[in-house]
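Visitor: How does the following fold in three dimensions:
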Amino acid sequence: MTSYLVTQVGSWLNFIATLSLLTKILRGDGGSSGEVDNLPVALLLFLRMFPALIVSPLVGGPIADFFDKRRTMVILDVLSTVVAGLLFPLAARMQSKFVLYFSVLLLATVDAIYNPVKNSILPFMLKSDEEVNKATQLMAISWSVMGAVGAAVGGLLTGVGGVRFCFYMDGLTFAASAWLMYKVGSKWKLKDSAAESRKGAKAGAEEEVVVQSQTEKMLGGVRYLKGNGKQWAPLVFFKAYGCILWGSADLCNVVFADGNDFSLGFIFAAVGVGCLMGPVMADKILSRNQGEKSGEVEPRKMVWSCYVAVCIVAFAAAVGNEGLSSFIAAFALDEVKLTVLEVCTDVGFLGIAISVPLGVYVYRNWRSKLKGYKKLR
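Guide: Residues are numbered from 1 along each chain as shown. Below you'll find the model as predicted:
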């Protein structure tokens, strides 16, 4: 949990600093007028999300199910340390948006692999579905708290210490996360029975058995999703529905800030505070015991949740204050997390299962970003 909190703070620092740096670069390109073209901002937001669409389902999910999760998280944290601590400061020093784009894409690719591994490790560390429920809700609340704190601190540090300072701090948070996960110890991987039964065989033959077993597990994960659509399809729908607003909102937040680092931090902090209320309301809207009893999400409550969110978001769109709008929108759209998915899904296929809603979410997110750009032109 500490590792998760540390990386979340760093991620928000990086996000605010990245948007601030790009805005400054674009204002420099715009001459004395300081006008900013929204297309480069939309492109940067797209690059942050795009790897999760391709890499997360095709690479991150299988890695989460096939390899030791703790070791994988340590390796990915080390890679993120290098990218955040070296490439981003280089982009700031060169004032190059292309180096910044490359850095964002590379870090997002590592993150796309990291997220399914991180999300699927909980059932291995906890003993019961009830503990998984509580831990997932705690992580959701922690994300919201860190979103509010990290965004506010990010805006403050960007304005006071500069973007390079925030990038260095982000690199340190990844290094701290790697060290914390290393200290966890133990192995977090499903035992491969085929490989275990061939301990006495030659290395080449054993490796072949492991590859065959992993291929069968991949196909088994696809069959599992196909045969259990009732329990994860509503969550995919909810993710796709929710990010229709999120994609455009991210772009609008940058426009509203008008190049002011403190305003940008405040707006995203309001998003974090709103998301803090979402997991609490989820207990009122969605029965968390439903998955334990029947293995399915109750469609009636999912539809009602979507209806309530639409009504609240419609009100948020009419509110003139950007921070309040962000708060209300986050409150509405963060009601349902992946708790039910983690409870209902076989742990052997959890990494693949989690990556499916994420992929759909990202696809709708970048589509809405591009549409938002066209509206703001």
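Visitor: Just the buried residues of stretch 73-86, please?
Guide: Residues of stretch 73-86 classed as buried by neighbour count (16 or more other CB atoms under 10 Å): 73, 74, 75, 76, 77, 78, 79, 80, 81, 83, 84, 85. Using the backbone N, CA and C atoms, a C-beta is placed for each residue, glycine as well.
Visitor: Would you format these as TSV with secondary structure and distance to residue 103 included?
Guide: Formatted as TSV, the buried residues of stretch 73-86 follow (DSSP: H, G, I helix; E, B strand; the rest coil; distance: CB to CB, whole Å):
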residue	secondary structure	distance to residue 103
73	helix	21
74	helix	22
75	helix	19
76	helix	16
77	helix	17
78	helix	16
79	helix	13
80	helix	11
81	helix	13
83	helix	6
84	helix	8
85	helix	11
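Visitor: From those, pick the one nearest residue 6.
Guide: Within the buried residues of stretch 73-86, the smallest distance to residue 6 is 9.7 Å, found for residue 77 (CB to CB).
Visitor: helix, strand or coil for the closest residue to that closest one other than its chain neighbours?
Guide: Take residue 77 and drop its neighbours on the chain: the residue closest to it by CB to CB, 6 or more residues apart in numbering is residue 178, 3.5 Å away. Counting by DSSP: H, G, I helix; E, B strand; the rest coil, the backbone at residue 178 sits in helix.
Visitor: Distance of residue 178 relative to residue 254?
Guide: According to CB to CB, to the nearest Å, residue 178 stands 31 Å off from residue 254.
Visitor: wait, residue 90 sits on residue 99?
Guide: Yes. Using CB atoms under 8 Å, residue 90 makes contact with residue 99 at a distance of 6.1 Å.
Visitor: Tell me how many other residues surround residue 160.
Guide: Applying other CB atoms under 10 Å, we find 10 residues neighbouring residue 160.
Visitor: wait, I meant residue 156
Guide: With other CB under 10 Å as criterion, residue 156 counts 17.
Visitor: is it true that it touches residue 266?
Guide: No. Residue 156 is beyond contact range of residue 266, at 9.6 Å (criterion: CB under 8 Å).
Visitor: still on that earlier bit, wait, which of the buried residues of stretch 73-86 is closest to residue 54?
Guide: Checking the buried residues of stretch 73-86 against residue 54 with CB to CB, the nearest one is residue 76 at 16.8 Å.
Visitor: Excluding sequence neighbours, find me the nearest residue to that closest one.
Guide: Nearest to residue 76 is residue 114, by CB to CB, 6+ apart, at 4.6 Å.
Visitor: now do residue 155
Guide: residue 265 (1.5 Å).
Visitor: List the contacts of residue 111.
Guide: By CB atoms under 8 Å, 6 or more residues apart in numbering, the contact set of residue 111 is 11, 51, 52, 80.
Visitor: Figure out the helix or strand that the third one lives in.
Guide: So that's residue 52. Secondary structure assigned from DSSP states H and E places residue 52 in helix 38-55.
Visitor: for that helix, what is the average pLDDT?
Guide: For helix 38-55, the mean per-residue pLDDT is 82.
Visitor: So which other helices or strands are in contact with that helix?
Guide: In terms of contacts (3 or more CB pairs under 8 Å, 6 or more residues apart in numbering; DSSP states H and E), helix 38-55 is packed against helix 2-29, helix 97-120, helix 229-257, helix 350-376.
Visitor: Grab the CA positions of that helix and hand them over as CSV.
Guide: Extracted C-alpha coordinates of helix 38-55, given in CSV (Å, rounded to 0.1, in the frame of the first residue of the first chain):
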residue,chain,number,x,y,z
ASN,A,38,-5.1,22.7,-28.2
LEU,A,39,-4.0,20.0,-30.6
PRO,A,40,-0.6,19.4,-29.1
VAL,A,41,-2.2,19.2,-25.6
ALA,A,42,-4.8,16.7,-26.9
LEU,A,43,-2.0,14.7,-28.5
LEU,A,44,0.0,14.6,-25.2
LEU,A,45,-3.1,13.4,-23.3
PHE,A,46,-3.7,10.8,-26.0
LEU,A,47,-0.1,9.5,-25.7
ARG,A,48,-0.6,9.1,-22.0
MET,A,49,-3.5,6.8,-22.5
PHE,A,50,-2.8,5.0,-25.8
PRO,A,51,-0.4,2.4,-24.6
ALA,A,52,-3.0,1.1,-22.1
LEU,A,53,-5.3,0.4,-25.1
ILE,A,54,-2.8,-1.9,-26.8
VAL,A,55,0.0,-2.8,-24.3
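Visitor: Now it: buried residues?
Guide: For helix 38-55, the neighbour count (16+ other CB under 10 Å) marks 38, 40-53, 55 as buried.
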